[in-house]
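Visitor: From the sequence below, what's the structure:
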Amino acid sequence: MPTIKEKLQLIRELICFTETGKTGKINETASKHGYKQSNFSKMLKQLENELKLTLLTRLSTGVVLTNDGKQIFEMLLIRPMPKKSA
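Guide: Sure thing, here's the model as predicted:
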């Protein structure tokens, strides 16, 4: 059973992944959230290892979401709840 600390770390990793998916830039996203780029990259890699999925393709110009990454990204996006019809 994961500890609260481990659960919070997973949430942090998912937030970082989602923000990176929006920008396509690890360095820019890391800086925006107060992380060193190297630590931020390690956090993203740790998430990929935990999920046993490759979420991002790393390029010299930034990152792009893999097919698995796109699916996870879409699931994590917060959308308004649909209004119930009367």
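Visitor: Can you report how many residues neighbour Gln46?
Guide: Neighbour count for Gln46, taken as other C-beta atoms under 10 Å: 14. From N, CA and C alone the C-beta is placed, and that goes for glycine too.
Visitor: Skipping adjacent residues, who's closest to it in space?
Guide: Counting by C-beta to C-beta, 6 or more residues apart in numbering, Glu13 is the residue found nearest to Gln46 once chain neighbours are left out, at 6.3 Å.
Visitor: Any idea which residue is closest to the centre of this structure?
Guide: The centre of the chain sits closest to Phe17, judged by C-alpha atoms, centre = their mean, with a distance of 1.1 Å.
Visitor: where do the strands sit along the protein?
Guide: Assigned by DSSP state E, the strands in the chain fall at 56-59, 62-65.
Visitor: Same list, the ones you listed, but as a markdown table with mean neighbour count please.
Guide: Formatted as a markdown table, the strands of the chain follow (neighbours: other C-beta atoms under 10 Å):
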| stretch | mean neighbour count |
| --- | --- |
| strand 56-59 | 14 |
| strand 62-65 | 17 |
